[in-house]
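[1] output the structure for:
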Amino acid sequence: MRLQHISLPIPPESHADVRAFYGSVLGLQEIPIPASIAHLKVQWFRAGEGDLELHFLPDSLPNPEEGRHIGLVVDDLAACKRRLNEAGYHPYETVPIPHRSRFFCRDPFGNLLEFLEIRGDYREGDVTLIAKAR
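    Got it, this is the predicted structure:
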């Protein structure tokens, strides 16, 4: 298991400020988001080597608590889900992202975790380009 992304809330309509700080000041590369979640108005940045990312979600989402989470890549998603179920936890499905099978589950303290397998580039065949003027 390894860390793949961290998702943090941002105030609504603050995309330009996020881009200015994380892109211009810190020099992180903004990357396209999957079309399947474009309606959430999220912003993604590459944050280091490999596929490590920072995700920013406007906290005007219907349930802001759902946006705050860490994403963990696992080798066997089905086995991970089975272990969580057997231990009495309640994993649940969410909006699909191409080439990233995933589910969410809360830890014993209420923190939200996303478990995922990366099987390819999510941008292949299902992507929305980042609008520079949001």
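[2] distance from the lengthiest helix in the chain to the middle of the chain?
    Longest helix in the chain, counting residues (DSSP state H): helix 77-86. Its chain's C-alpha centre and that of helix 77-86 lie 20 Å apart, by C-alpha atoms, centre = their mean, to the nearest Å.
[3] pull out the buried positions in that helix.
    For helix 77-86, burial by neighbour count (16 or more other C-beta atoms under 10 Å) applies to 77, 80, 81, 84. Where C-beta positions appear, they are placed from N, C-alpha and C, glycine not excepted.
[4] same thing with stretch 98-107?
    Neighbour count says stretch 98-107 has 98, 99, 100, 101, 102, 103, 104, 105, 106 buried, by 16+ other C-beta under 10 Å.
[5] which residues touch it?
    Contact partners of stretch 98-107, identified using C-beta atoms under 8 Å, 6 or more residues apart in numbering, comprise 34, 36, 66, 69, 71, 77, 81, 84, 89-94, 96, 112-122, 124-126.
[6] who are the packing partners of the lengthiest strand in the chain?
    Using DSSP state E to define each element, the chain has its longest strand at strand 2-10. Strand 2-10 is packed against strand 53-58, strand 69-73, strand 112-118, with contacts defined by 3 or more C-beta pairs under 8 Å, 6 or more residues apart in numbering; DSSP states H and E.
[7] again, 7 Å this time
    Packing contacts for strand 2-10, counted by 3 or more C-beta pairs under 7 Å, 6 or more residues apart in numbering; DSSP states H and E, involve strand 53-58, strand 69-73.
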